[in-house]
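Visitor: okay, here's the prediction I keep looking at, along with the sequence it came from:
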Amino acid sequence: MRNENVRTDITVIGGGLAGVCAAIAAARLGQTVALVQNRPVLGGNSSSEVRVWVCGATGHGTNRYARETGIMGELFVDNQYRNPEGNPYFWDVTVHEAVRAEPNIQLFLNTDVHEVEAEGDEDHRMIRSVTGWMMGSERRIKFESEMFLDCTGDGLVGFLAGAKYRLGREARHEYNESWAPEVEDTITLGSTLLFYTKDTGQPVTYRPPSFAKDITKTSIPLKRVIRSGDNGCAYWWIEWGGELDTVHENERIRDELWSVIYGIWDFIKNSGQFPESETMTLEWVGSVPGKREYRRFVGDYVLNQNDIIAQREFEDRVAFGGWSIDLHPPQGVYSTESGSKHLYADGIYHIPFRSLYSVNVGNLLFAGRDISATHVAFGTTRVMATCAVIGEAAGTGAALAVRHGVTPRDIAQRHLAELQQTMLRQDASIIGLSNRDEADHALRAVVGASSELRKLAVERPAEAQPLTQDIGFIIPVWPELQQLELLVDAAAATALEVELYSTGRAENYVPHKLEVSGAAPVAAGERQWIAVPLPWKPETAQNAFIVVKANAAITVYRSDMPLTGVLPFVKGDKPKVSLALEDHDIAQPVVQWRMLGKHRQPFCFRALPDTAAYTADKATDGYSRPYGGPHLWISEPLAAGAEAVLELAWPTAAVTVGEIHLTFNDDVNEDLINLHHHRTSFEIMPELARDYRLEAEIGGSWQVLHRETANRKRKRVHKLAQPVPGVSKLRLVVESTNGSPSAELCEIRVYS
């Protein structure tokens, strides 16, 4: 046996997406990091060992403009390009390469940490080291650091260090949570095993193993949807163990889940109810249960249900989520209730930094499903893309704590602005917080462009849609709206009725308050542009939610030309998800108004007068993603071979340029996934600039500083070999896009 010591600034224990993003974030800020993972692959529940979809704030398209950016966003977009089929092994590679690309990270796979050296009393403790055993290598490794992050999910490291934690469900009165039980208990969400099938093209006989459960003698066929072609996360409901200790009885839970899977397959293959399964076989069955819940640590703040639903805007917010509060019955697969129930806010919610560090262990942070949250709030924070953005926040906080030689609590109390601005500079999203980086020269520049999209319209029809139900769409309004025109057919003379709602919060995309309504007569006929007066002049730039009332005599048109900032909706009485499996409150606006996979097919309209929502100055207004408007520059549509130019000028004092940050539009409304939920029709976001160059005016002449070809990324940082002094003007020249007719840029930053 070899005994080794590893000394780094930060040790991250747990190589799921929370741990991966924490390690990368800290490493990019210059700290040395040991990333310790007890499995042979990274990715945790998303890896090829478990194969759970990476879900997050989009809620599979329920929330709008909600996809994560930062490190998780990079992984999503890279996987979309490299792995459009959703191969779980290629996803492993995507995550692994992201870690290996960081020279400041030392990666230790197959290393199970089970010893913690800590000192101090119950209320004030510090971790000195953690020790793990590297399986297959007979190496006992001691990790010493200034900061430790428990991203293990189960919270073993924090537990061994004496960190305060909760397990199970809090009583309703403790946080006044309507979804909490009357009396506290130790019930958690259960674990799940998944399976994959394939069609062999020839008859396959299935003889079940002796331990396969006869599911006809259970409630499973009555309360769960079973289809022969489903596999992967379609069977998320094969869940059990919520009434047990999901850690100490992990082996028992796995065996029970195996019996259910092989029993379900027996039912599919041999019941006679699924003749299409004759040529199908089991290709893969999981052996590592995907755990949902165990310990939740106590931080300086405990996130709760009311914070989620109220979308509380914490001063120390550092991450966001948007998945529903998604709770499952304790009996899991054997429950006679629905497999899950869901409660949504009207949009995304915020997560405070105070929930990411221990209340009593001074150098311990945590990220993932073990953060400081109640059981009910955990029902939404637990999904992996949300865990990942929490990980980036915790890793950033740990790096700054090392840099300043302070505790995470000191970061929250004395260095909060630095933490938040550092995250924004790295393209991690803190919704509603703007760039106030004093070192960014772009904030003091005069901004102009070769052209700006001023006409807010979608005019090219592609698909007729009868107005048999209310439709809606979001448009940005600034500085005012006077009139809306819609392209319609009318079977008979009638009236077109339209309502305009404000959305309440800037991060929401639901009708909140009726601001104005209008109507216009429509004569019988086809392809008519009907003008409806809708005068509205908001005090600040914001979105309008337009509702067109159902009318059986009218047909509207969808286009095949998407426009950033414009989203179409259809109002339904039932959510898209299967009511046989899930219990949704259909009165929730974000669930009632659905995009139904047609988010890139807006309704044809014209808004008058011209808009200022896409002007050049939006690239330096401090926001790099939609928030009460699109917050980006869009050029006029470009003719073949034409270029679009965004220019920054410093007329009174030239600047030194050493580093240029560009954030292109990768459409954070587009729901991306790592595995087999769906795939986009394109492998690169069309709105991203493809070929571009950066030029500087020095002494009256233009010089090319950098040229990029075949770009497919959102955030690009171009560090010049030598800083260039005396720059009076800087311009981005977009030569081509990845398919969009216009150049689009969310943000430009310039540093010396």
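Guide: Looks like it came in fine. As the structure is a prediction and not an experimental result, all values here were calculated from the model.

Visitor: partner residues bridging the nearest residue in space to D440 that is not next to it in sequence?
Guide: What sits nearest to D440 in space, not counting adjacent residues and going by Cβ to Cβ, 6 or more residues apart in numbering, is R749, at 4.8 Å. In short, each C-beta sits where N, CA and C put it, glycine included. Beta-bridge partners for R749, by DSSP bridges, are H661.

Visitor: okay, R749 and V717: tell me how far apart.
Guide: To V717, R749 is 9 Å away according to Cβ to Cβ, to the nearest Å.

Visitor: confirm P221 sits in a helix?
Guide: Yes - counting by DSSP: H, G, I helix; E, B strand; the rest coil, P221 is located in a helix.

Visitor: relative to F274, how far out is the closest residue in space to it that isn't next to it in sequence?
Guide: Leaving aside its chain neighbours, P221 sits nearest to I215 (6.0 Å; criterion: Cβ to Cβ, 6+ apart). Distance of I215 to F274, given as Cβ to Cβ: 13 Å.

Visitor: between these two, who's got more neighbours?
Guide: I215 (24 against 16; other Cβ atoms under 10 Å).

Visitor: so what's the more buried one up against?
Guide: 221, 260, 263-264, 266-267 (Cβ atoms under 8 Å, 6 or more residues apart in numbering).

Visitor: at 6 Å what do you get?
Guide: 263-264, 267 (Cβ atoms under 6 Å, 6 or more residues apart in numbering).

Visitor: buried subset of those residues as a ChimeraX selection?
Guide: Buried residues among the contacts of I215 (16 or more other Cβ atoms under 10 Å), as a ChimeraX selection:
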select :263,264,267
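
Visitor: which residues does the closest residue to L596 other than its chain neighbours contact?
Guide: Leaving aside its sequence neighbours, L596 sits nearest to V570 (Cβ to Cβ, 6+ apart; 5.9 Å). Under the criterion of Cβ under 6 Å, 6+ apart, the neighbours of V570 are 471, 594, 596.

Visitor: show me this protein divided up by domain.
Guide: Dividing the chain into domains by automatic domain parsing, as the record does, gives the ranges 2-167+344-425, 191-285, 441-451+614-751, 456-608.

Visitor: quick one: closest of the ones you listed to V318.
Guide: Smallest distance to V318 across the domains of the chain (Cβ to Cβ): 3.8 Å, for domain 2-167+344-425.

Visitor: and for M561, the neighbour number?
Guide: When neighbours are defined as other Cβ under 10 Å, M561 has 17 of them.

Visitor: sorry, that was for D667
Guide: Residues lying near D667 (other Cβ under 10 Å) number 21.

Visitor: give me the secondary structure label for it.
Guide: Applying three-state DSSP: D667 is coil.

Visitor: same question for the helix or strand the residue nearest to L596 falls within, mean pLDDT?
Guide: Assigned by DSSP states H and E, V570 belongs to strand 567-571. Across strand 567-571, the average pLDDT comes to 96.

Visitor: check stretch 659-667 too.
Guide: 98.

Visitor: buried ones in it, by neighbour count?
Guide: Buried residues in stretch 659-667 (16+ other Cβ under 10 Å): 660-667.

Visitor: one more: stretch 328-336?
Guide: Applying 16+ other Cβ under 10 Å to stretch 328-336 flags 328-335 as buried.

Visitor: ok, T192 - contacts?
Guide: 236, 238-239, 290.
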